[in-house]
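S.K.: kindly generate the corresponding structure for this input.
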Amino acid sequence: MMPVRLKKAAVAAVAVTGALSLSAVAWAASGSHHSPARDAGAAARVVGPAVGGGAAASGARPALASSGGSRAVTGSGSPATRGGAAHAAAGGSAAAASAVPAGELTAGGILRAGQALSSSSGNYALHMQADGNLVLDPAGSSTAVWATGTESPGAFAHMQTDGNFVIYSAAHKALWSTGTASAGAFLAVQADGNVVVYSSTNKALWDRSMFISEVPANTVIASGDEVVSATGNYVLRMQADGNLVLYPAGSSKAVWGTMTASPGATAVMQADGNLVIYSTAHRALWSTGTAGAGAFLEVQADGNVVVYSSANKALWSRTGGLVR
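M.R.: Alright, predicted model coming up:
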């Protein structure tokens, strides 16, 4: 069910640096997630939002103004966390019982528990673990650099013919997806450590550091990460200077920002429902002040940024603040 939309209000452009301090808030996300390096003209980076239950999860791909049709979307193998939990499997990296062709998972392809998709160079492997987590490991390492954070024994990953890459439970309930839609799209594990969904014409649609529309509870938005509205017309960017800023797609003129200035800061959509920006020293710099287990952040097509409860009730928005 789609959330009730808040009315968009006109917002003047804001500066992209500044400082705002809050009283201390409990640090709820340990660890760090460093975004891969970005090529000029490459697609925006993301971690895909969760999808609801159902045997066939379809996706809606935004038109990413920054993709530029680039086939080489670069990345790097930096340690990754999501919601403060390391994503290496218990006992380390899973050994693949079998493998699919190196580098790519084509439309209709499935990664089952115990299988892995390796980069063409063999230096990275994407493992579908028996515990249901899809994990990217450098060759010979037990330290994951990225993972979906899914937990459901026997889960499998499906590169659907409609272009959406989805993780399903053994009972065929959708657990996670990239939210992409483009017939014939495929998944690539690249030699540089990036994981990318490409269209059949080699246009980057998604990669492992990008969110589309929604950021679920217990998720870190790292420095350099972006949340793109479902229509692709707005981008919420966690800047390297520590400011969380909303831009119209293709524009350098901000329409809203948190005015936080702390290089390397991250935003966390906490499990308790609060969206908080933390410094690298784990000091709270800004928050929405919201509460409610399962709440999520959404960047809407109308340019509003909203925290919704799990029941789709608006708790906070950039145009109206905290809902009392």
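
S.K.: mind checking how far residue 270 is from residue 202?
M.R.: As judged by C-beta to C-beta, to the nearest Å, residue 270 and residue 202 stand 38 Å apart. To be clear about C-beta, it is placed using only N, CA and C from the backbone, and glycine gets the same treatment.

S.K.: ditto for residue 147
M.R.: With distances taken as C-beta to C-beta, residue 147 is found 26 Å from residue 202.

S.K.: between the two, which is the more surrounded one?
M.R.: residue 147 (24 against 12; other C-beta atoms under 10 Å).

S.K.: wait, that one touches residue 137, no?
M.R.: No - Residue 147 is beyond contact range of residue 137, at 9.3 Å (criterion: C-beta atoms under 8 Å).

S.K.: what ranges do the helices span in the stretch 101-250 of the chain?
M.R.: Using DSSP state H, counting those that start in this stretch, no helices are assigned anywhere in the stretch 101-250 of the chain.

S.K.: what is the neighbour count of residue 152?
M.R.: So residue 152, with other C-beta under 10 Å, has 18 neighbours.

S.K.: and for it, nearest residue in space, chain neighbours not counted?
M.R.: Once flanking residues are discounted, residue 152 sits nearest to residue 132: 3.6 Å by C-beta to C-beta, 6 or more residues apart in numbering.

S.K.: ok, the one you found touching residue 155?
M.R.: Yes - contact status for residue 132 versus residue 155: in contact at 3.6 Å, counting by C-beta under 8 Å.

S.K.: shared neighbours of those two, anything?
M.R.: 113, 167, 169, 175 (C-beta atoms under 8 Å, 6 or more residues apart in numbering).

S.K.: closest one of those residues to residue 185?
M.R.: residue 167 (15.9 Å; C-beta to C-beta).

S.K.: ok, the closest one to residue 147 distance?
M.R.: For residue 167, the distance to residue 147 - C-beta to C-beta - is 11 Å.

S.K.: and if you look at residue 213?
M.R.: Residue 213 is 21 Å from residue 147, by C-beta to C-beta.

S.K.: low-confidence ranges in the stretch 101-250 of the chain?
M.R.: For the stretch 101-250 of the chain, applying pLDDT under 70 flags the ranges 101-102.

S.K.: mind listing what the spatially closest residue to residue 265 that is not a sequence neighbour touches?
M.R.: In space, and not counting its chain neighbours, residue 265 is closest to residue 242: 3.6 Å by C-beta to C-beta, 6+ apart. Applying C-beta under 8 Å, 6+ apart to residue 242 gives the contacts 223, 260, 261, 262, 263, 264, 265, 277, 279, 285.

S.K.: likewise residue 185?
M.R.: With C-beta under 8 Å, 6+ apart, residue 185 has these contacts: 107, 159, 163, 165, 197, 198, 199, 200, 205.

S.K.: can you get me a residue count around the closest residue to the fifth one other than its chain neighbours?
M.R.: When you say that, I think you mean residue 197. Counting by C-beta to C-beta, 6+ apart, residue 206 is the residue found nearest to residue 197 once chain neighbours are left out, at 4.3 Å. Burial measure for residue 206: 35 neighbouring residues, criterion other C-beta under 10 Å.

S.K.: now the one 5 residues further on
M.R.: Neighbouring residues of residue 211 were enumerated by other C-beta under 10 Å; the total is 25.

S.K.: is it bridged to anything, and to what?
M.R.: residue 227 (DSSP bridges).

S.K.: do the same with the one 10 residues further on
M.R.: Assessed by DSSP bridges, residue 221 has beta-bridge partners residue 267.

S.K.: from memory it sits against residue 270, does it?
M.R.: No - in this structure, residue 221 is not within contact of residue 270 by C-beta under 8 Å, at 11.5 Å.

S.K.: and the strands in the stretch 51-200 of the chain, which stretches?
M.R.: Along the stretch 51-200 of the chain, the stretches classed as strands by DSSP state E, counting those that start in this stretch are 81-82, 85-86, 98-99, 104-105, 110-111, 115-118, 124-128, 134-138, 146-147, 156-159, 165-168, 174-177, 186-189, 195-198.

S.K.: so the residue nearest to residue 197 sits against residue 178, correct?
M.R.: Yes - counting by C-beta under 8 Å, residue 206 touches residue 178, with 4.4 Å between them.

S.K.: counting neighbours, what do you get for residue 319?
M.R.: Neighbourhood size, residue 319 [other C-beta under 10 Å]: 16.

S.K.: any idea how far it lies from residue 305?
M.R.: Residue 319 is 8 Å from residue 305, by C-beta to C-beta.

S.K.: what does residue 244 give?
M.R.: The value you get for residue 244 to residue 305, if C-beta to C-beta is used, is 9 Å.

S.K.: now residue 241
M.R.: Counting by C-beta to C-beta, the gap from residue 241 to residue 305 is 19 Å.
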